[in-house]
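> fold the following.
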Amino acid sequence: MSRVKRGVTSHAKHKKVYKAAKGFHGRRKNTIRAAKAAVEKAGQYAFRDRKRKKRTFRALWIQRLNAAVRPFGMTYSVFINGLSKSGITVDRKVLSDLAIHEPATFQAIAEKAKAALAA
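The predicted structure follows:
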């Protein structure tokens, strides 16, 4: 049987790792052992943070809503309670966007929520 030289496949595999490690500092970008470990860890962080991103954005929307309803004499939890009692079903992302870009519309929603709490 003839001898197989494996340089071509090794270089191809290494090239793929080096491409993924582009922008890393020190040996992590140009030494295969370090680069492979760094790329694998980066992939783990990326996977984890794709899940975390959803939580982070929800927390941001809640903080924005809390800040937006304070001038109307409410807290976030009171506001959400008022929305549920008034039968308004708008998610936090849209409410946050309304509070920033269309304050008049948000004010009308906040007043409806406040009225539902009083009744």
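
> which helices and strands does the biggest helix by length in the chain pack with?
Longest helix of the chain, by residue count under DSSP state H: helix 32-69. Under the contact criterion of 3 or more C-beta pairs under 8 Å, 6 or more residues apart in numbering; DSSP states H and E, helix 32-69 touches helix 7-20, helix 76-86, helix 92-101, helix 103-118. Quick note: C-beta positions are derived from backbone N, CA and C, even for glycine.

> ok, 7 Å please
For helix 32-69, the packing partners by 3 or more C-beta pairs under 7 Å, 6 or more residues apart in numbering; DSSP states H and E come out as helix 7-20, helix 76-86, helix 92-101.

> what about the last one, distance to the chain center?
For helix 92-101, the gap between its own C-alpha mean and the chain's C-alpha mean amounts to 16 Å (C-alpha atoms, centre = their mean, to the nearest Å).

> ditto for stretch 19-27
Distance, stretch centre to chain centre, for stretch 19-27: 24 Å (C-alpha atoms, centre = their mean).

> now what about that stretch, what contacts it?
Applying C-beta atoms under 7 Å, 6 or more residues apart in numbering, the external contacts of stretch 19-27 come out as 28-29, 34-35, 38-39.

> how about 8 Å then?
By C-beta atoms under 8 Å, 6 or more residues apart in numbering, the residues outside stretch 19-27 that reach it are 28-29, 34-35, 38-39, 42.

> pull out the buried residues from those.
Buried by 16 or more other C-beta atoms under 10 Å: 28, 35, 38-39, out of the contacts of stretch 19-27.

> centroid-nearest residue for this protein?
Residue closest to the mean C-alpha point of the chain, counted by C-alpha atoms, centre = their mean, is residue 53 at 2.3 Å.
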